[in-house]
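> I need the structure of the sequence given here:
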Amino acid sequence: MSRTRPRPTRLRPIGVLAAALLTAAACATTEAPKSSGTQQRPCPVDQPSSATAAAAGTVSAHARLTVMADTITAIPADTRTSAAYPYSAVHTQQWSITGDTVEARDVVIWRAADGTARTQTRTLTLHRDPARFSDRAERQRLATAPAQIVDYPLANGARLDGVITEPVTHDPRALAEALAAQHGALCRRPGLFDRYLQLAGGFYLDQQARTATLRLLATIPDLAFDGIARDLIGRPGWVFVLTRPGQHTTDTIVIDPATGVLLAAATAEVDARHPRHITLYLERGRTTTRDQPPSP
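Numbers count the residues shown, from 1 in each chain. Just a heads-up that it's a prediction; the model follows:
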């Protein structure tokens, strides 16, 4: 199957996405029908999206995600097995914005199949114009801020919560069942979308697991494709948006179409000038211990 790519003329920074793009996407997305109250378990991973047909000459989000799932390539860390490298390791940077206050967090999560895990969190509270997005100097300050480290299981035996066990299954239906078992009404929009973000931010997704998650994303009827953009650190990817009419917010994600790796996510009020939350998904991989940084 040949991959249909959007024209590169739509390349733009995620800062623009989080404001003008999100508002435009909200106008173009139809409101989801109200739930009948019947829980769907497992998610209908083998069924096509029921979203409104794409405009003439365009390709739907469902079609793009399906093609992506069929054609993504491996990244170097995919060769590291969980037997030789028992810990998955994922590094993210996050910005939560309230008024002119920005809370920035740098997070690394390690976890293994036996339940041992570690979180390393660095936090900065910043005061600046929320329309000015994070620059390299700010990201470096964040990456070198004092770290709070928590090891799991805790003294009381509590484990780091997660949507599924490590390593992540390669079977889309088994993945959907695991997600639904822990989170209930998973397939009601936008539950599956939220679980996808949690997976990408807390587990290493190898090539087969990325394929499985892309197939699950393709079942979300209200997910829309919206061209190509660059994230805050310049990585280009395909843009998908999900508008939540009941919450008056729109979520934007950027995915590398060659590898299926999630690069960035942003949440904004439908009519806001700037986002209220941004996440960059940075290094990811597998390590032998829970103190090794993930490889770039």
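
> output stretch 207-217 as CSV - backbone C-alpha positions only.
Provided in CSV are the C-alpha atoms of stretch 207-217 (Å, rounded to 0.1, in the frame of the first residue of the first chain):
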residue,chain,number,x,y,z
GLN,A,207,7.4,-1.1,16.8
GLN,A,208,4.6,-3.7,17.2
ALA,A,209,3.1,-1.9,20.2
ARG,A,210,3.1,1.4,18.3
THR,A,211,1.3,-0.4,15.5
ALA,A,212,-1.3,-1.7,18.0
THR,A,213,-1.9,1.8,19.5
LEU,A,214,-2.2,3.4,16.0
ARG,A,215,-4.9,0.9,15.1
LEU,A,216,-6.7,1.8,18.3
LEU,A,217,-6.5,5.5,17.6
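
> and it, which residues are buried?
Residues of stretch 207-217 classed as buried: 207, 209-217 (neighbour count, 16 or more other C-beta atoms under 10 Å). Where you see a C-beta, it was placed from the backbone N, CA and C, and this is true even at glycine.

> may I see the buried residues of the helix or strand harbouring residue 105?
Applying DSSP states H and E as the criterion places residue 105 in strand 101-111. Within strand 101-111, the residues that count as buried by 16+ other C-beta under 10 Å are 102, 104-111.

> also stretch 167-179?
The neighbour-count check on stretch 167-179 (16+ other C-beta under 10 Å) flags 167-169, 172-173, 175-179 as buried.

> pLDDT on it, on average?
Per-residue pLDDT values over stretch 167-179 give a mean of 86.

> ok now it, how far from the chain's centre?
Once both centres are worked out by C-alpha atoms, centre = their mean, to the nearest Å, stretch 167-179 turns out to sit 16 Å from its chain's centre.

> please shift the residue numbers so they start at 888 in all later answers.
Let's use 888 as the start, then, which means that last one is stretch 1054-1066.

> how about the CA coordinates for it, as PDB?
Coordinates of each C-alpha in stretch 1054-1066 appear next as PDB, following Å, rounded to 0.1, in the frame of the first residue of the first chain:
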ATOM      1  CA  PRO A1054       6.000  -4.900  28.400                       C
ATOM      2  CA  VAL A1055       3.100  -3.500  26.300                       C
ATOM      3  CA  THR A1056       1.200  -6.200  24.300                       C
ATOM      4  CA  HIS A1057       1.400  -6.200  20.500                       C
ATOM      5  CA  ASP A1058      -2.200  -7.400  20.100                       C
ATOM      6  CA  PRO A1059      -4.600  -4.400  19.500                       C
ATOM      7  CA  ARG A1060      -7.600  -6.400  21.000                       C
ATOM      8  CA  ALA A1061      -5.700  -7.500  24.000                       C
ATOM      9  CA  LEU A1062      -4.400  -4.000  24.500                       C
ATOM     10  CA  ALA A1063      -8.000  -2.700  24.300                       C
ATOM     11  CA  GLU A1064      -9.200  -5.200  26.800                       C
ATOM     12  CA  ALA A1065      -6.500  -4.400  29.200                       C
ATOM     13  CA  LEU A1066      -7.200  -0.700  29.000                       C
END
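
> from what I can see residue 981 touches residue 1163, true?
No: judged on C-beta atoms under 8 Å, residue 981 makes no contact with residue 1163 at a distance of 11.5 Å.
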